[in-house]
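Asks: Here is the input, now give the coordinates:
(4 chains)
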2 protein chains.
Amino acid sequence: MKRTPSKPRIPAGYDPRAFPPVAVTVDMVVLTVVADDLQVLLVERGAEPFRGRWALPGGFIREDESLDEAASRELLEETGLNVAPYLEQFRAYGNPGRDPRMRVVTVVYLAFVPNVGTITAGTDARRAALVSVRRALETGTRKKLAFDHRTLLQDAVEKARSLLETTSVATAFVDSPFTLSELRTVYETVWGQPLDPGNFRRKVLSTPGFVIATGRQARPGAEGGKPPDLYRPGKMTGLNPAFRRP
Amino acid sequence: MKRTPSKPRIPAGYDPRAFPPVAVTVDMVVLTVVADDLQVLLVERGAEPFRGRWALPGGFIREDESLDEAASRELLEETGLNVAPYLEQFRAYGNPGRDPRMRVVTVVYLAFVPNVGTITAGTDARRAALVSVRRALETGTRKKLAFDHRTLLQDAVEKARSLLETTSVATAFVDSPFTLSELRTVYETVWGQPLDPGNFRRKVLSTPGFVIATGRQARPGAEGGKPPDLYRPGKMTGLNPAFRRP
DNA sequence: GGAATAGTGTCTCTGAGACAGTATAGT
DNA sequence: ACTATACTGTCTCAGAGACACTATTCC
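Replies: Numbering: from 1, shown residues only, chains lettered A, B, ... in the order given. The predicted structure follows:
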């Protein structure tokens, strides 16, 4: 079956015009919840085009790595972040003209992370920072996102909202162990809707494998209150029936 | 913002090693329901590699078209099929080695079609045909699918099952007008589970915009029976709550 | 005790599964 | 008449929303 002798970079059986120069990149939409605010990890571009504008972290895939590997590597290189817990491809964008330099098809990944520590900007990025999604999507803002990243971010956030409905992925947003209030805040922040604490509790605890009780309790907050129970993330699972958005 | 003078094919600002030779293709998973059987449109490859094996229709994207346009065009070229009703991108595959010739990243599209007429094989394909999904996925079969298309097909079918749960896309599988029995057969075939006719009816009719009553009735079948009411597809809509799979 | 947060119980309504019953065609 | 299919109604149970009530901490 293998006709390729010594792995040629330009294969013999292809008409060069059949595959015009195309670059493939991966872009990451890394979401986190900080103080009731949904934030996304952005980098400030250090090169043209769109120099000085905010962009999603990402870059070209290498020859010997899968798309998933490329996504993890690029994120690590540009922001020093390692996203083991949750990383999912969600769609590709390839309109001609989305990059003024050449035809670029990008595969977008979605990652959920809890409290991120220090973010160190790496190659090609002047700095990296967490930016409020609301701010990043504002149309009238002076620093619009680079490329078509506004569209990518919008679609990714909608996908994230949907994932909270159908899977137990919300636990990736919080550090372990966590309280159910913290987990509920994730839902309320991503969905932008308040949830009834009692009903939320019932839904989560009645879904086998969503969370695992540790038996321990946290210290109450500064203003007092009953010490809440602590939980660990369960095995990632689909919710059936889904968690209905209010 | 545009730095590119006269649209160069090899841009100046890029390190050539930064984007190794990569080709981008689109592949189509065209599903249809024929006589209680879920079938997929496949083409027999007329060229190496995998000559003579079944593959998903698809091909290289062109420089001036979007991914969506490439998908529609490739399908039309290879099979003479025009899929206006429903076409959705669902994910990209780009593992190194998935094509023995070179690095190929493919964007996979999912399409649902009703009764397909004659299928005419086009360029690069010896013939095109509808093949039972069950048969196409059999591991012990003599003609395995080309490339990693078995994985693509498996994932696409699972995606299709999920789409029936959350959207009204099932109507794309049937010719308009249709009876609720025909629509129910779509669900039963894709899910591989029988559904209660009465409860199915209640769910569909209680979802605003799922189907639209025409007021007309079909002729009863050969063995008699009450003439069923005819419906047209409504506006594509999300189902809330979702249609639960048994 | 009062405030604040965590957690429990309970009523009600919606929606879905099970399934019996009715309607209208062909033979 | 009988059969086959289409359609309707009804009972019941699970799950979710609303919301009152109890529990435990800090001040």
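
Asks: Outline the domain layout of chain A.
Replies: Residue ranges of the domains in chain A are recorded as A:20-164, A:167-233, according to automatic domain parsing.

Asks: next helix or strand past the longest helix belonging to chain A?
Replies: In chain A, with assignment by DSSP state H, the single longest helix is helix A:149-166. Next along the chain after helix A:149-166, taking DSSP states H and E as the criterion, comes helix A:180-191.

Asks: which SS class is A:Glu48?
Replies: Using DSSP: H, G, I helix; E, B strand; the rest coil, the three-state assignment for A:Glu48 comes out as coil.

Asks: mind checking how far it is from A:Ala146?
Replies: Taken as Cβ to Cβ, to the nearest Å, the spacing of A:Glu48 relative to A:Ala146 amounts to 10 Å. Glycine gets a C-beta too; all of them are placed from N, C-alpha and C.

Asks: Would you mark the buried spots in stretch A:195-214?
Replies: Counting neighbours by 16 or more other Cβ atoms under 10 Å in any protein chain shown, one finds that the buried residues in stretch A:195-214 are A:195, A:200-201, A:203-204, A:207, A:210-211.

Asks: for those residues, which one is nearest DNA strand C?
Replies: A:Arg201 (5.1 Å; Cβ to the nearest atom of the strand).

Asks: The top strand by length along chain A packs against which elements?
Replies: When chain A is scanned for its longest strand (criterion: DSSP state E), the result is strand A:22-34. Of the remaining helices and strands, those touching strand A:22-34 by 3 or more Cβ pairs under 8 Å, 6 or more residues apart in numbering or on different chains; DSSP states H and E are strand A:37-45, strand A:58-60, helix A:67-79, strand A:103-112, helix A:149-166, helix A:180-191, strand B:22-34.

Asks: the inter-axis angle of the fifth one versus helix A:180-191?
Replies: Okay, so that is helix A:149-166. Calculated by axes from the mean of the first three to the mean of the last three Cα atoms, to 10 degrees, helix A:149-166 forms an angle of 140 degrees with helix A:180-191.

Asks: Residues contacting helix A:149-166, please?
Replies: Residues from elsewhere that reach helix A:149-166 (Cβ atoms under 8 Å, 6 or more residues apart in numbering or on different chains): A:27, A:29, A:31, A:38, A:40, A:54-56, A:88, A:90-91, A:93, A:106, A:108, A:110, A:112, A:133, A:136-137, A:144-145, A:169-170, A:186-187, A:190-191, A:238-239, A:242-245.

Asks: Can I have the buried ones of those as a ChimeraX selection?
Replies: In ChimeraX, the members of the contacts of helix A:149-166 classed as buried (16+ other Cβ under 10 Å) are selected with the following command:
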select /A:27,29,31,38,40,54,55,56,88,90,91,93,106,108,110,112,133,136,137,145,169,170,186,187,190,191,239,242,243
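
Asks: Export the helices and strands packed on strand A:22-34 as JSON lines, with columns for mean pLDDT and distance to DNA strand C.
Replies: Written out in JSON lines, the entries for these read as follows (pLDDT from 0 to 100; distance: least, Cβ to the nearest atom of the strand, whole Å):
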{"stretch": "strand A:37-45", "mean pLDDT": "95", "distance to DNA strand C": "18"}
{"stretch": "strand A:58-60", "mean pLDDT": "93", "distance to DNA strand C": "37"}
{"stretch": "helix A:67-79", "mean pLDDT": "92", "distance to DNA strand C": "31"}
{"stretch": "strand A:103-112", "mean pLDDT": "97", "distance to DNA strand C": "21"}
{"stretch": "helix A:149-166", "mean pLDDT": "98", "distance to DNA strand C": "15"}
{"stretch": "helix A:180-191", "mean pLDDT": "98", "distance to DNA strand C": "3"}
{"stretch": "strand B:22-34", "mean pLDDT": "96", "distance to DNA strand C": "20"}
